[in-house]
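Novice: Here is my input; please provide its structure:
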Amino acid sequence: MQDCFVGLGSNLGNKRKNLLKALQKIKQLKETKIIKASKIIQSMPLGGPKQPKFLNAVIKLRTELSPLSLLKKLKNIEAELGRKKTVRWGPRVIDLDILLYSDRIIETKELTVPHPRIFERDFVIKPLLEVL
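Specialist: You can find the predicted model right below:
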C-alpha cells in the first residue's frame, strides 16, 4: 500500500456536491482507502478565462493501485461526474489531480508527480498541510 495525496476542485454547478460525489466514488475504489480529508476551501481561479471561484480540498489515500492506474480511475470519475475537456485552466465540474504518490518522482506524458505547480498554489498547500 502506498500513501498518496489527491487534490479536488470544482467551480461549476453545485461545487460542494461535486466534491462530495467525487469523494464517494473514490471511497468505492476497492484498492484504495481514504485516510484523511481536508476542509473544503474557496479559491480564486488561476489562469484561463474569466470563471467562477473554486472549492478545493485534498485527500490522503492509501492505495494498491499504480500511479497510472490511479490516474485512470480518477479520470474515469471525472468523466462520470460530467467533466468535459475545454480550454486549458478553464471552468470544470470536477478536477482530480495526483499531487504526491509516496516518495516517487514520476515524469511521463500522462503524469507528473509531484504535481508541477503544487508549491505555487495556496489552494493546494493549505489543505495538503491539513492531511500530511
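Novice: Specify the local secondary structure of the residue of the chain positioned farthest from its centre.
Specialist: Using CA atoms, centre = their mean, the residue of the chain lying farthest from its centre is residue 50. It sits 21.3 Å away. Classification of residue 50 by DSSP: H, G, I helix; E, B strand; the rest coil places it in coil.
Novice: Got the phi and psi for it?
Specialist: phi -60, psi 130 (degrees, to the nearest 10).
Novice: If I look at it, what pLDDT would I see?
Specialist: At residue 50, the predicted lDDT confidence score is 84.
Novice: That one and residue 18, how far apart?
Specialist: 20 Å (CB to CB, to the nearest Å). C-beta: built from backbone N, CA, C; applies to glycine.
Novice: and the nearest residue to residue 43 once chain neighbours are set aside, how many neighbours does it have?
Specialist: Residue nearest to residue 43 in three dimensions, not counting chain neighbours: residue 123, with 3.6 Å by CB to CB, 6 or more residues apart in numbering. Neighbour count of residue 123, defined by other CB atoms under 10 Å: 20.
Novice: Show me the shaky parts of this structure.
Specialist: Along the chain, the parts satisfying pLDDT under 70 run over 87-90.
Novice: Strands along that one, start to end?
Specialist: Along the chain, the stretches classed as strands by DSSP state E are 2-10, 32-37, 41-43, 54-63, 95-101, 106-107, 112-113.
Novice: And the ones you listed: which comes nearest residue 129?
Specialist: Nearest to residue 129 among the strands of the chain is strand 54-63 (8.8 Å), distances taken as CB to CB.
Novice: Given that closest one, what are its sheet partners and their directions?
Specialist: Next to strand 54-63 in the sheet, as set by DSSP bridges, lie strand 2-10 (antiparallel), strand 32-37 (antiparallel), strand 41-43 (antiparallel).
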